[in-house]
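Enquirer: Fold the stuff below for me.
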Amino acid sequence: MYLEHYDLNILPFENAPNPAFFYPSSMHKEALERLHYTVSQGKGAAMLVGGVGCGKTIISHALIDRLRKDRYRVVAMSNPAFEPKEFLEMTMRLFQVPNGYSRSKADMLHFLEGQLRKNMVEAKGSVLIVDEAQVIHNERTLEELRMLLNLQSKTKFLVNLILLGQLELTEHVAKVAPLDQRISIRYRLTPLPYKDSLYYIKHRLTVAGCKRMPFTAEALEAIFRFTKGIPREINNLCDRSLLATYLADKNIVSHEIVEDAWKDLQ
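Expert: A predicted model of the protein is given here:
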């Protein structure tokens, strides 16, 4: 609605995990590098945790964007709240395991291992990204994750596992010691500090084609005060503030508009 008003090419504050909008703060950059290291060096498993809206999913999309399509077969599971066998079936579906197997666990694992070995023969590493992994409350389902890491050649894991989740994921995984011990890379995201929050806003506006900062300094301070540096909250408040400014037929977002927008969001 307000694209032409601000001379933008695309909406700058959508919450879709578009890797083009990935902002490499020192924290987010390190998280991405750790996940990339896990995959490129075949470390087996990594776990990235953080509060709601801190940027875990967009980091995973930035990772997918970085991994060469001719070297990796990357699949992602966004709603993993399955029973053990359902989880295994979904994993097989994602990796496009051919039909023909029975529903016995042994047969399913055998066919999945065959597909992963086929990927390896084709010089493609297999990567499974499990987002929102904190919703897995069944410890037997977490045990299935550990079983996936048991699928190995003589020199490497057949699949690299990336777990993304809210802070409680750490506690869930700790209850399954065989899985917990296999996670070699870990990282925790926190909200952005003040300066990074400002750079984050500027970065997204620049990617969207903005030539002139539409927020006053006081408006930016108010955005950080209300959102406490949580990227998703920043997106929501900036978007609503730009819309309110457009509807008021103004060009610059004031701190008063930000305050009203925040009340509206609440």
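
Enquirer: the strands in the chain, which residues?
Expert: 45-50, 72-77, 125-130, 159-165, 185-189 (DSSP state E).

Enquirer: Turn those strands into TSV, columns for mean pLDDT, mean neighbour count and distance to Lys202.
Expert: C-betas here are computed from N, CA, C, even on glycine. Formatted as TSV, those follow (pLDDT from 0 to 100; neighbours: other Cβ atoms under 10 Å; distance: least, Cβ to Cβ, whole Å):
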stretch	mean pLDDT	mean neighbour count	distance to Lys202
strand 45-50	98	25	22
strand 72-77	96	18	29
strand 125-130	97	23	29
strand 159-165	98	25	26
strand 185-189	98	18	20
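
Enquirer: Just put these in JSON lines and tack on distance to Glu113.
Expert: Below are these laid out as JSON lines (distance: least, Cβ to Cβ, whole Å):
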{"stretch": "strand 45-50", "distance to Glu113": "17"}
{"stretch": "strand 72-77", "distance to Glu113": "14"}
{"stretch": "strand 125-130", "distance to Glu113": "10"}
{"stretch": "strand 159-165", "distance to Glu113": "9"}
{"stretch": "strand 185-189", "distance to Glu113": "23"}
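
Enquirer: out of the ones you listed, which comes closest to Lys211?
Expert: Lys211 sits nearest to strand 185-189 of all the strands of the chain, at 30.9 Å, using Cβ to Cβ.

Enquirer: and Asp7, what is it in contact with?
Expert: Going by Cβ atoms under 8 Å, 6 or more residues apart in numbering, Asp7 touches Gly209, Cys210, Lys211.

Enquirer: Report the separation between the second one and Met92.
Expert: In other words, Cys210. Going from Cys210 to Met92 by Cβ to Cβ, to the nearest Å gives 45 Å.

Enquirer: just the first one next, same as before
Expert: Per Cβ to Cβ, Gly209 is found 42 Å from Met92.

Enquirer: Those two: which has the busier surroundings?
Expert: Neighbours per residue (other Cβ atoms under 10 Å) separate Gly209 from Met92, with Met92 holding more: 18 against 13.

Enquirer: Let's see the pLDDT reported for the more buried one.
Expert: Confidence at Met92, expressed as pLDDT, is 94.

Enquirer: Can you name the residues that contact it?
Expert: Tyr101, Met108, Phe111, Leu112, Gln115.

Enquirer: Ok, Tyr6 next?
Expert: Per Cβ under 8 Å, 6+ apart, neighbours of Tyr6: Cys210, Pro214, Leu242, Tyr246, Asn251.

Enquirer: biggest separation within these, which pair?
Expert: Once Cβ to Cβ is applied, those give Cys210 and Tyr246 as the farthest pair, at 13.6 Å.

Enquirer: what residues are up against the nearest residue to Arg240 once chain neighbours are set aside?
Expert: Among residues not flanking Arg240 along the chain, Ala261 sits closest, at 4.1 Å (Cβ to Cβ, 6 or more residues apart in numbering). Taking Cβ under 8 Å, 6+ apart, we find Ala261 in contact with Leu237, Arg240, Ser241, Leu243, Ala244.
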